[in-house]
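Novice: Fold the stuff below for me.
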Amino acid sequence: MLACTPKAAPTIRPNQTARPPAQRPAQNTPIDTIRWAAPATPKPPIGTQPTQPTRPPSSGLGDTYTIGLLMPFLTNQASANTVPDRSRLALQFYAGAKIALQEISETEQINLIVDVYDTQSNDADFLQVMNTPRLQKADVFIGPVRNSHVEAFANWTKRNRKILVSPETPTSELTTQNPDFIQTNPSLRAHCEAITQYVLNSHRADAVTLVCKEKEADRLPYFHQANRSGTLFTELMVPDAALNFDKVDLKKHLKPGRTSVFILPTWASQDFVMAFLRKLKDVKGSAKVEVYGMPQWKNYDGIDPEYLASMNVHISSASYLDYSLPQIKTFQQKFYEATGTLPDEEAFNGYDVTLFTGKMLRRYGLSFPEKLHYETFRGLRSDFRFSRIFVSGNVDDGRNQPDYQENTFVHILKFGTFGFAPAE
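Specialist: Below you'll find the model as predicted:
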């Protein structure tokens, strides 16, 4: 049984087995119990078995830290026999985090007290959570995930000098003068910069055309700012009402004898993307082309894979899971044994973010935000490479405090025989 309560506090210490959160209800708060189905067999057909981790030598940091984990479990919407579908993110994230906490307890000389809070869904309920006396004693927070909750909580942690690790919201400039705000999900700006850098490593800027609808024009400056070649990218803006590219001349954007690159910072309509790919295929002839798009394209089910392959489609992505790796299989095995189900991406994210937070506390204590731009972290789902973000007029001269810190590592994936995989 995996119990989730609006407030619970498992203590994870070296050589101590991780336990489910104790069921101690907050005053006047109902408790709901989440039950995972017991696995029919303890070993799914994954392959690699977990290995026993080894303990690193102690560096003398045996301090105790309290982590507040804030997720939308939506216990007030659950019943005795059902769990809200919208609580899946929280349940998967939490189950992945528990595996990371178990690993920390076995490999790191650090004591962690973890309080788990249900943020619910609406803002009024979340404000009540923020006023919980015990919450205010935490040193570090992971979550929440809803935009309005993150913004409100970022302001609260800024006033109270707390560290906030935001694991989901990929928003630019959500907070300022808040160097202890750590955003692990790259923003749109980071995706645009990663695509630009990747493209310019192999192509000249005059071969690049940015394609978007008029209402998406505010995304184009991110590419121009990342382009430091001295040559501007070409822009091609299509009227918002246009349903296809029948009246658009793509031929003039093709570069004879060279590869022509088209970047589409769009994700709202796969019909728009498919219309572009169809028109490009019709007019390109033998010309070489590459098309770059957004992470959401990976989930499109209305685009013929033949177009994705023949147009050399690439996308940016904050995550990539290589299920052939032994460490991925080991995590799947542990997750299955704990829950009776296989993990989705949120479970891997919960594991990565929690393990990263524990390791940084172990290494640097509560000063770890100051060290992040020197650190790299390789997770199962994503790598973390942090940049100091300045939005309030200061410059990064090494002395000024950043407005916040953002993981800017982004994968570039190319469509191939087996779907999207890291581009060479």
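
Novice: Next, report how far the helix or strand harbouring Asn155 is displaced from the centre of its chain.
Specialist: Taking DSSP states H and E as the definition, one finds Asn155 inside helix 147-159. In this view, helix 147-159 has its centroid 18 Å away from the chain centroid, taken as CA atoms, centre = their mean, to the nearest Å.

Novice: now it: mean pLDDT?
Specialist: Averaging pLDDT along helix 147-159 yields 95.

Novice: strands paired with the next helix or strand after that helix, and their directions?
Specialist: Following helix 147-159 in sequence order, the next helix or strand is strand 163-166 (DSSP H and E). Strand 163-166 has the following strand partners under DSSP bridges: strand 140-142 (parallel), strand 181-183 (parallel).

Novice: Just put the ones you listed in a markdown table and tack on distance to Arg189.
Specialist: All C-beta atoms are positioned from the backbone trio N, CA, C, and that covers glycine. Output for these, formatted as a markdown table (distance: least, CB to CB, whole Å):
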| stretch | distance to Arg189 |
| --- | --- |
| strand 140-142 | 23 |
| strand 181-183 | 11 |
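
Novice: And the helices in the chain?
Specialist: Counting by DSSP state H, the segments of the chain that form helices are 88-107, 123-130, 147-159, 188-200, 220-226, 270-284, 305-310, 326-339, 345-364.

Novice: about what we covered before: please identify which of the strands paired with strand 163-166 is closest to Thr266.
Specialist: Between Thr266 and those, the tightest spacing by CB to CB is seen for strand 181-183, at 23.0 Å.

Novice: show me where pLDDT drops low in the stretch 301-424 of the chain?
Specialist: Within the stretch 301-424 of the chain, the stretches with pLDDT under 70 are 394, 396-398.

Novice: quick revisit: in a markdown table, list the strands paired with strand 163-166 along with distance to Gln270, mean neighbour count and mean pLDDT.
Specialist: A markdown table is the format used below for those (distance: least, CB to CB, whole Å; neighbours: other CB atoms under 10 Å; pLDDT from 0 to 100):
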| stretch | distance to Gln270 | mean neighbour count | mean pLDDT |
| --- | --- | --- | --- |
| strand 140-142 | 33 | 25 | 98 |
| strand 181-183 | 27 | 27 | 97 |
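
Novice: Could you count how many residues lie near the nearest residue to Met360 once chain neighbours are set aside?
Specialist: The spatially closest residue to Met360, leaving aside those adjacent along the chain, is Phe368, at 3.9 Å (CB to CB, 6 or more residues apart in numbering). Applying other CB atoms under 10 Å, we find 20 residues neighbouring Phe368.

Novice: give me every residue that touches Phe368.
Specialist: Counting by CB atoms under 8 Å, 6 or more residues apart in numbering, Phe368 makes contact with 163, 360-361.

Novice: circling back to that earlier point, can you point out the buried residues in the helix holding Asn155?
Specialist: Going by neighbour count (16 or more other CB atoms under 10 Å), the buried part of helix 147-159 is 149-150, 152-154, 156-158.

Novice: That helix vs helix 123-130, what angle?
Specialist: 30 degrees (axes from the mean of the first three to the mean of the last three CA atoms, to 10 degrees).

Novice: Show me what helix 147-159 is in contact with.
Specialist: 70, 119, 123, 126-127, 130, 141, 144, 162-164, 166, 168-169, 171, 174-175, 177-178, 180-181.

Novice: separation between Arg378 and Thr176?
Specialist: Distance of Arg378 to Thr176, given as CB to CB, to the nearest Å: 30 Å.

Novice: higher neighbour count, those two?
Specialist: Set side by side, Arg378 and Thr176 show more neighbours around Thr176, with 17 against 12, by other CB under 10 Å.

Novice: Check whether that one really touches Val391, as I assumed.
Specialist: Yes. If you go by CB atoms under 8 Å, Thr176 and Val391 touch, sitting 5.9 Å apart.

Novice: For those two, list the residues in contact with both.
Specialist: Common contact partners of Thr176 and Val391 (CB under 8 Å, 6+ apart): Asp403.

Novice: closest one to Phe335 among the strands paired with strand 163-166?
Specialist: strand 140-142 (18.2 Å).

Novice: And the contacts of the closest one?
Specialist: Outside strand 140-142, the residues that touch it by CB under 8 Å, 6+ apart are 65-70, 97, 153, 157, 162-165, 167, 353-354, 357, 361, 366.

Novice: can you check stretch 85-94 too?
Specialist: By CB under 8 Å, 6+ apart, the residues outside stretch 85-94 that reach it are 2, 4, 34, 69, 71-75, 77-78, 83, 116, 118, 121, 145, 167-168, 343-344, 346-347, 349-350.

Novice: Output it as CSV - backbone C-alpha positions only.
Specialist: Output of stretch 85-94 as CSV, limited to C-alpha atoms (Å, rounded to 0.1, in the frame of the first residue of the first chain):
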residue,chain,number,x,y,z
ASP,A,85,-7.0,10.5,-13.5
ARG,A,86,-5.5,14.0,-13.0
SER,A,87,-3.5,12.8,-10.0
ARG,A,88,-1.4,10.4,-12.1
LEU,A,89,1.3,13.0,-12.5
ALA,A,90,1.7,13.3,-8.7
LEU,A,91,1.5,9.6,-8.0
GLN,A,92,4.1,8.7,-10.7
PHE,A,93,6.4,11.6,-9.6
TYR,A,94,6.1,10.6,-5.9
